[in-house]
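S.K.: Give me a 3D structure for the following:
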Amino acid sequence: MHRNALSLADMLSVPESTYTSNPLSLLPALQNYVSRLPLNQFEQSDWAALHMDLTSYLADALIHLHGVRWVVAEDPSSPRGYRYVIETANSEASAKRVDPADVVMVEFRNLPIEVVRMMASAELSLGLSSSAGEGE
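M.R.: Coordinates of the predicted model:
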């Protein structure tokens, strides 16, 4: 996933060193890119490619910003019986998990695509940010 996120940064003219030092540096270019896509003309292969790009970026950014990690989670509904998810690196039993691919799919159902909203949704699901009004 990291290589795909780096390729995405390169495609959007964000230098690798800039991206690796701060994955959020890709947000403006990525948002501009997805905002300009002709989504109403997309074919299934286009949606699949965009899904992979956004999933890669989301997971890579969360790993670098928050130290989450990939883990294998049992999933009887999956053809393989498991799926890859990202999990908070807590040693507590309360570690939280989210599937970045699912977060992206939710975003696809709530067009227009907002990359910051997608990131915030994943962070909230992982307990990495507070919801509005908390901590006041």
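S.K.: I figured L128 hits H66, correct?
M.R.: Yes. Taking contacts as C-beta atoms under 8 Å, L128 lies within contact range of H66: 5.2 Å. For every residue, glycine as well, the C-beta is placed using N, CA and C.
S.K.: Next, show the common contact partners of these two.
M.R.: Counting by C-beta atoms under 8 Å, 6 or more residues apart in numbering, the shared contacts of L128 and H66 are T88.
S.K.: what about A122, helix or strand, and which?
M.R.: Using DSSP states H and E, A122 maps to helix 115-125.
S.K.: Give me the contact list for that helix.
M.R.: 27, 30-31, 34, 54, 57-58, 61-62, 66, 86, 96, 98, 100, 103-104, 106-107, 110, 129, 131.
S.K.: Would you list the buried entries among these?
M.R.: Neighbour counting with 16 or more other C-beta atoms under 10 Å marks 27, 30, 34, 54, 57-58, 61-62, 66, 86, 96, 98, 100, 103-104, 107 as buried within these.
S.K.: what pLDDT does the residue positioned nearest the centre of the chain get?
M.R.: Nearest to the geometric centre of the chain sits L58, at 2.0 Å (C-alpha atoms, centre = their mean). Note on L58: pLDDT of 97.
S.K.: Now, the contacts of helix 115-125 that are in strands?
M.R.: 86, 98 (DSSP state E).
S.K.: Identify those among the contacts of helix 115-125 that sit within helices.
M.R.: Residues of these located in helices (DSSP state H): 27, 30-31, 34, 54, 57-58, 61-62, 66, 100, 103-104, 106-107.
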